[in-house]
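Participant: this one's structure only:
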Ligand SMILES: *Cc1c(COP(=O)(O)O)cnc(C)c1O
């Protein structure tokens, strides 16, 4: 059922540590940050009292720091990055959970693998043994009417279903089931299309 089990990622990129502490008291268990350096600083204070999710673009030269603190990297969009994450994870004996970011809308300004290239990408990425591909992520276009982005969320769910046999077949024991989609403006539509991870910033942190 849609909405059966949806994980809330509280996007804290514009929140202070004090506000994040309040969010923890209110029951938040996972924060989403879009810059590795900011997350490292906040992690020094908050530590592992919350989970850390990287939702912003990751540059390969920040991979070592990212692998240190993030339980899930939502924004993997190149094989070069996969290679780098695999290498850094191996160095510290970690199996890094990742999502593949898909550019479902095809907007030029957006990062992500195109839907057409996803299958080929996964067939290679799945061969790296220190990463665990647990699903897909997308960012919908900013629009007035959230209903108009429903097709992109629907497309992501279909892509997950279509690529599931490849990922779970090759990477034994991997559960490839996460759909990270939905933000403050469009999370209801995303959940009704099967999202099980919403990334909410403004609705939680802005006054
Ligand atoms: C900022 C951000 C969010 C949260 O957006 P809100 O509109 O504040 O809910 C979610 N995902 C990504 C990738 C972001 O950069």
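Facilitator: Arrived safely. Not measured: the values here are computed from a predicted model.

Participant: all contacts plus neighbour counts: C-alpha atoms, from now on.
Facilitator: Will do.

Participant: list the contacts of the spatially most central residue of the chain.
Facilitator: Geometric centre of the chain, nearest residue: residue 74, 2.2 Å, by Cα atoms, centre = their mean. Contact analysis of residue 74 by Cα atoms under 8 Å, 6 or more residues apart in numbering lists 53, 54, 55, 56, 98, 99, 100, 101, 136, 137, 180.

Participant: helix or strand for it, which one?
Facilitator: Element membership of residue 74, judged by DSSP states H and E, is strand 72-76.

Participant: wait, residue 31 sits on residue 53?
Facilitator: Yes: Residue 31 is within contact range of residue 53, at 5.9 Å (criterion: Cα atoms under 8 Å).

Participant: which residues do these two both contact?
Facilitator: residue 9.

Participant: and the nearest residue to residue 70 once chain neighbours are set aside, helix, strand or coil?
Facilitator: Using Cα to Cα, 6 or more residues apart in numbering and skipping the chain neighbours, the partner closest in space to residue 70 is residue 52 (4.8 Å). At residue 52 the chain is in strand, as set by DSSP: H, G, I helix; E, B strand; the rest coil.

Participant: can you list the residues of this structure near the ligand?
Facilitator: 11, 34, 55, 56, 183, 184, 199, 200, 201, 202 (Cα under 6 Å from any ligand atom).

Participant: in PyMOL, select just the buried ones from these.
Facilitator: Provided next is the PyMOL selection string for whichever of the residues of the chain next to the ligand are buried by 16 or more other Cα atoms under 10 Å:
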select buried, resi 11+34+55+56+183+199+200+201+202
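
Participant: show me what counts as buried in the helix ranked longest in the chain.
Facilitator: The single longest helix within the chain, with elements called by DSSP state H, is helix 150-170. Buried residues in helix 150-170, defined by neighbour count with 16+ other Cα under 10 Å: 150-154, 156-157, 159-160, 163-164, 167-168.

Participant: which residues of this structure fall in helices?
Facilitator: 17-25, 36-46, 63-69, 79-91, 115-125, 150-170, 187-192, 202-205.

Participant: redo these as TSV? Include mean pLDDT.
Facilitator: Below are the helices of the chain laid out as TSV (pLDDT from 0 to 100):
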stretch	mean pLDDT
helix 17-25	98
helix 36-46	98
helix 63-69	98
helix 79-91	98
helix 115-125	97
helix 150-170	96
helix 187-192	98
helix 202-205	97
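
Participant: and for this protein, the residue most distant from the center?
Facilitator: Distance-from-mean max, the chain, by Cα atoms, centre = their mean: residue 207 at 25.3 Å.

Participant: look up how far residue 25 lies from residue 157.
Facilitator: In this structure, residue 157 and residue 25 are 33 Å apart, going by Cα to Cα, to the nearest Å.
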